[in-house]
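Undergrad: Show me the folded form of this:
(one chain, ligands or ions: 1)
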Amino acid sequence: MSMALELLAATGNAHKVDEMRAILAPAGVRLLSARDVGGLPEVDEDGATFRDNAIKKACAIAAATGRRVIADDSGLEVVALDGAPGVRSARYAGEGGNDGRNVAKLLAALDGRSDRRARFVCVVAVAGPDGLVGTAEGEVRGRIGDQPRGQGGFGYDPVFIPDGYEQTFAELPAGIKNSMSHRGRALAAALAQGLLRGQAG
Ligand code: IMP
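TA: Below you'll find the model as predicted:
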């Protein structure tokens, strides 16, 4: 039998932590945030892939804190831009991670383009002080709208319209986004693989 588990979320992004909490709470997984542990060490996200970065963050922060950790590395891949902004999604318009500037740069790059297909990707990595427990991945496909719409979510949500919908992720209720998002699917896969079980690993 699995036990309820407490994990430290290895991210300073409060929106990500909110979503991860909402997704994992029904499974009995409790998430600690950076604030709950007095801050996290900086980890350079210099990996070539979402998986590399997620593993690096999870292992570094588990080693530094002695806790069981879950890291999320995620981003947007746009077909007409050969997969950009990809692993550079947070700093697409420069260091500092300004969502508004990132969205404006994306819309400018797609100006006049009819192929607006895109996907969000998320890799979660779980690690303990002794090393990596495992990883899981999720994606959601959709398209980039012509202008930002909606107040919910974060990042590129105001311009991402998931397949099967007309609203953006920022217009859809959080519960709908979480039920189909890259993050929701990666965390569901992590649960199904047993990566979040109490006494595992
Ligand atoms: P990182 O994983 O911290 O390197 O940054 C991920 C970046 O990808 C975020 O800063 C957002 O720009 C984007 N991103 C990841 N997930 C989402 C999402 O659920 N909605 C909107 N943007 C996202």
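Undergrad: Distance-wise, check the closest residue to the ligand within the chain relative to residue 63.
TA: Nearest residue of the chain to the ligand (CB to the nearest ligand atom) works out as residue 155 at 2.3 Å. Heads up, the C-betas are built off the backbone N, CA and C, glycines and all. Distance, residue 155 to residue 63, by CB to CB, to the nearest Å: 28 Å.
Undergrad: Secondary structure class of the residue of the chain closest to the ligand, three-state.
TA: Recorded secondary structure, residue 155: coil (DSSP: H, G, I helix; E, B strand; the rest coil).
Undergrad: who touches it in this structure?
TA: 15, 76, 89-90, 99, 102 (CB atoms under 8 Å, 6 or more residues apart in numbering).
Undergrad: who wins for neighbours among those?
TA: Counting neighbours by other CB atoms under 10 Å, residue 76 comes out on top of those with 26 neighbours.
Undergrad: what's the distance between that residue and residue 117?
TA: Using CB to CB, residue 76 is found at 11 Å from residue 117.
Undergrad: For this structure, which segments count as strands?
TA: Along the chain, the stretches classed as strands by DSSP state E are 5-9, 29-32, 69-78, 117-128, 131-144, 160-162.
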